[in-house]
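Chemist: dropping the sequence and predicted coords here.
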Amino acid sequence: MALQVEAAINMLGKLVAFDTTSNLPNLAIIDFIEAELAKHGVASSRHDLEPGRKTNLHATIGPQDRGGIVLSGHTDVVPVEGQTWTSDPFVLRREGDHLFGRGTCDMKGFLACVLAAVPQMLRHPLKTPIHLAFSCDEELGSAGVIPLIASIVARDLLPRMAVVGEPSSMQVINAHKELMIFVTEVKGIAAHSSNPAAGINAISVAARFVAELESIAGDLRKTDDPEGNFDPPFSTLNIGVISGGIAMNIVPESCVINWEMRLLPGTNPAWIFDRLTAFATRIEHESRNTGGTALIRTELVTTVPGLAPEPDALAEKLAKRFAQRNGASSVSYGTEAGHFQAIGIPTVICGPGNIAQAHRADEFVTVSQLNDCAGFLESLITFCAEVELS
C-alpha cells in the first residue's frame with residue numbers, strides 16, 4: 001500500500017503540472033494519460049467535445065464483453081487568477097501530510113490514485129472489467145462528459161455501476177442537487193445620460209429582475225428537504241455575475257445576468273419559470289416609452305442532473321464495502337454522477353479530499369486521504385478479480 005501511495009503522489013505531481021484550467025485545451029494531459037496507459041499495454045479511445053481542443057478518454061481493463069465498473073473523474077480545474085497562492089499552483093508542494101496544488105483535491109488526487117493502481121489492475125486477470133473514464137469541462141457545467149457517455153451507450157453493454165471520484169473525504173455520497181445555469185440578457189435603449197428618459201436603462205431593468213430572483217430565492221428557502229440530508233436543506237438560487245454599461249454618460253443599452261439554481265431532488269421548477277416569464281412581461285410593458293420597450297430574454301445554458309439515492313443498488317452496497325462505511329450521505333455540489341445515473345448506471349461519489357479545499361488558493365489533499373483512496377481501489381480490484389458481474 002505504501003508503495004502505491006508514493007506512486008500516486010508522484011503521479012499527482014505530474015498531473016498538477018498540466019494547466020488544465022477549463023478555458024484551456026486539455027489535450028496535453030490526455031496525451032500524457034494515454035501514453036501512461038499505453039506503457040502498460042492498455043488501449044484507450046478519445047471522445048471529443050471540441051475536436052483539436054477538448055476531449056475525453058476511455059479505457060477498459062479486463063474483459064470487453066461485460067458491463068463492469070466505471071471509475072470516473074474530470075481532468076479540468078478552476079482558474080487561479082485573483083487568488084493569492086503561497087507557491088506555484090502548478091507545482092506540487094508537500095508539507096507533511098498536505099499536498100498543495102491546483103486540482104490536488106478537485107480532482108487530480110483521484111485520477112492519480114487510479115493511474116497508480118493500473119499495474120495492480122493488470123497483475124491478475126479481472127473477471128469484472130474496470131473502465132477508466134476521464135472527462136473535460138466538468139467545471140463548466142459537466143457538458144464535457146456527454147460524448148464519453150454517448151460512447152458507453154453505443155457499446156450496448158452498460159456498466160453495472162460507476163464511482164465518480166469527486167472529493168468526498170472518502171465518504172460514500174448517494175445524492176446531490178440538480179444544477180441549472182442561466183443567462184438573462186436585458187436589452188434597453190441607449191441615450192445621452194443628460195436625458196435618461198430618452199432611453200431605457202438596461203441596468204435599472206436588470207436590477208428589478210435581480211430583485212425578483214432574490215424573492216424567489218427567499219421562497220425556495222421556505223421549502224426544506226424533508227429528509228434533512230442536504231446542507232443547506234433547501235433549494236438555492238445564486239446570482240453570480242452581472243455585467244452592463246459602457247460609460248457613465250451613456251444610458252446602458254445592455255445588461256447580462258448569470259445565475260444558477262441548485263434544486264433538491266424531485267423539485268419541479270415550472271412555477272419559477274412561469275413566475276419569471278410573467279414578471280419579465282410586466283417589466284417590459286412598464287418600461288415602454290416613445291423609443292420602444294425593454295426586452296428580457298433568459299436562456300438555460302446547461303443542466304447538471306441531480307443524483308438520486310439508490311440504497312438497494314449494487315453501486316452503493318459495494319462502495320460502502322470498499323470504503324468501509326456503514327452509510328451514505330448527500331452533498332449540495334454538482335457532479336457528473338447524475339449523467340451516468342440518467343442512462344441507467346447506478347452511481348455513487350467517493351473520492352479523496354475535502355470539498356472545502358477545492359476552488360481556493362493553496363488547494364490541498366492529504367496523503368492520508370490518498371492512502372484511503374488506495375485502500376478503496378485495492379478492495380475494488382480484488383472484488384473484480386474474484387467476482388464476475390454479468
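Modeler: Perfect, thanks for sending it.
Chemist: regarding the residue nearest the centre of the chain, what is its secondary structure?
Modeler: Within the chain, one residue has its C-alpha closest to the average C-alpha position: by CA atoms, centre = their mean, that is T335, at 3.8 Å. Under DSSP: H, G, I helix; E, B strand; the rest coil, the three-state class of T335 is coil.
Chemist: and for the nearest residue to it once chain neighbours are set aside, the neighbour number?
Modeler: Spatial nearest neighbour of T335, excluding adjacent residues (CB to CB, 6 or more residues apart in numbering): E166 at 4.9 Å. Heads up, the C-betas are built off the backbone N, CA and C, glycines and all. When neighbours are defined as other CB atoms under 10 Å, E166 has 28 of them.
Chemist: check which helix or strand covers D48.
Modeler: Assigned by DSSP states H and E, D48 belongs to strand 44-50.
Chemist: where does H58 fall, phi/psi-wise?
Modeler: phi -130, psi 130 (degrees, to the nearest 10).
Chemist: so what's M11 up against?
Modeler: The contact partners of M11, taken as CB atoms under 8 Å, 6 or more residues apart in numbering, are 111-112, 115-116.
Chemist: same check, this time on H47
Modeler: Applying CB under 8 Å, 6+ apart to H47 gives the contacts 55-58, 147-148, 150-151.
Chemist: in ChimeraX, select just the buried ones from these.
Modeler: The buried residues among the contacts of H47 can be selected in ChimeraX (16 or more other CB atoms under 10 Å) with this line:
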select :55,56,57,58,147,148
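Chemist: nearest to S44 among the contacts of H47?
Modeler: S44 has its nearest neighbour among those in L57, at 5.3 Å by CB to CB.
Chemist: residue contacts, that closest one?
Modeler: Contacts of L57 (CB under 8 Å, 6+ apart): 30, 33-34, 44-47, 132-134.
Chemist: try 6 Å this time
Modeler: Contacts for L57 (CB atoms under 6 Å, 6 or more residues apart in numbering) come out as 30, 33, 44, 46, 134.
Chemist: which SSE is the second one in?
Modeler: Using DSSP H and E, I33 falls within helix 27-39.
Chemist: okay, buried residues for that helix please.
Modeler: Those would be 27, 29-30, 32-34, 36-37, for helix 27-39 by 16+ other CB under 10 Å.
Chemist: residues touching it, excluding its own?
Modeler: Defining contact as CB under 6 Å, 6+ apart, one finds that helix 27-39 is touched by 18, 20, 44, 55, 57, 59, 75.
Chemist: if you compare the directions of that helix and strand 44-50, what angle comes out?
Modeler: 170 degrees (axes from the mean of the first three to the mean of the last three CA atoms, to 10 degrees).
Chemist: quick one: contacts for W259?
Modeler: Here W259 is in contact with 182, 239 (criterion: CB under 6 Å, 6+ apart).
Chemist: beta-bridge partners for it, please?
Modeler: Taking DSSP bridges as the rule, W259 bridges to F182, I239.
Chemist: thinking again about what came up before, helix/strand/coil for the residue nearest to T335?
Modeler: coil.
Chemist: can you pull the contacts of it?
Modeler: For E166, counting by CB under 6 Å, 6+ apart, the contacting residues are 107, 335, 349, 351.
Chemist: how about 8 Å then?
Modeler: 73, 106-107, 110, 173, 333, 335, 337, 349, 351, 355.
Chemist: do S22 as well
Modeler: Contacts of S22 by CB under 8 Å, 6+ apart are 76-79, 137-140.
Chemist: so what's K14 closest to, chain neighbours aside?
Modeler: In space, K14 is closest to F32, 6.9 Å off (CB to CB, 6+ apart).
Chemist: any idea where the strands of the stretch 51-200 of the chain begin and end?
Modeler: With DSSP state E, counting those that start in this stretch as the criterion, the stretch 51-200 of the chain has strands at 54-61, 69-74, 93-95, 98-100, 130-135, 161-164, 173-176, 178-187, 191-192.
Chemist: now the second one, how far from the centre of its chain.
Modeler: For strand 69-74, the distance from its own C-alpha centre to the chain's C-alpha centre is 13 Å (CA atoms, centre = their mean, to the nearest Å).
Chemist: of the contacts of helix 27-39 - the most surrounded one?
Modeler: Result: T75 is most packed of the contacts of helix 27-39 (other CB under 10 Å), 28 neighbours.
Chemist: wait, isn't it in contact with T20?
Modeler: Yes: T75 lies in contact with T20 (CB atoms under 8 Å); the separation is 5.3 Å.
Chemist: which neighbours do the two share?
Modeler: Joint contacts of T75 and T20 (CB under 8 Å, 6+ apart) are 26, 29.
Chemist: now do the same contact list for P232.
Modeler: Shown in contact with P232 (CB under 8 Å, 6+ apart): 221, 332.
Chemist: quick one: the strands in the stretch 251-390 of the chain?
Modeler: Applying DSSP E, counting those that start in this stretch to the stretch 251-390 of the chain gives strands spanning 254-263, 295-304, 329-331, 347-349, 364-366.
Chemist: any idea which of those strands is most buried?
Modeler: Highest mean neighbour count of those: strand 347-349, a mean of 29 (counted as mean count of other CB atoms under 10 Å).
Chemist: next one: it to chain centre, how far?
Modeler: The answer for strand 347-349 is 13 Å, by CA atoms, centre = their mean.
Chemist: what's the answer for stretch 317-325, then?
Modeler: The answer for stretch 317-325 is 23 Å, by CA atoms, centre = their mean.
Chemist: again with stretch 49-58
Modeler: Counting by CA atoms, centre = their mean, stretch 49-58 is centred 17 Å from the centre of its parent chain.
Chemist: ends of that stretch, what's the gap?
Modeler: With CA to CA, to the nearest Å as the measure, stretch 49-58 spans 13 Å from end to end.
Chemist: mean confidence score for it?
Modeler: If you average the pLDDT over stretch 49-58, you get 96.
Chemist: now stretch 209-223
Modeler: Stretch 209-223 shows a mean pLDDT of 95.
Chemist: restrict it to CA atoms and write it as CSV.
Modeler: Below are the C-alpha coordinates for stretch 209-223, written out as CSV (Å, rounded to 0.1, in the frame of the first residue of the first chain):
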residue,chain,number,x,y,z
PHE,A,209,-35.2,41.3,-12.4
VAL,A,210,-32.5,40.6,-9.8
ALA,A,211,-34.8,41.7,-7.0
GLU,A,212,-37.4,39.1,-8.3
LEU,A,213,-34.7,36.4,-8.4
GLU,A,214,-33.9,37.2,-4.7
SER,A,215,-37.6,37.0,-3.9
ILE,A,216,-37.7,33.6,-5.5
ALA,A,217,-34.6,32.5,-3.6
GLY,A,218,-36.4,33.5,-0.4
ASP,A,219,-39.4,31.3,-1.3
LEU,A,220,-37.1,28.4,-2.1
ARG,A,221,-35.6,28.7,1.4
LYS,A,222,-39.1,28.0,2.9
THR,A,223,-39.2,24.5,1.3
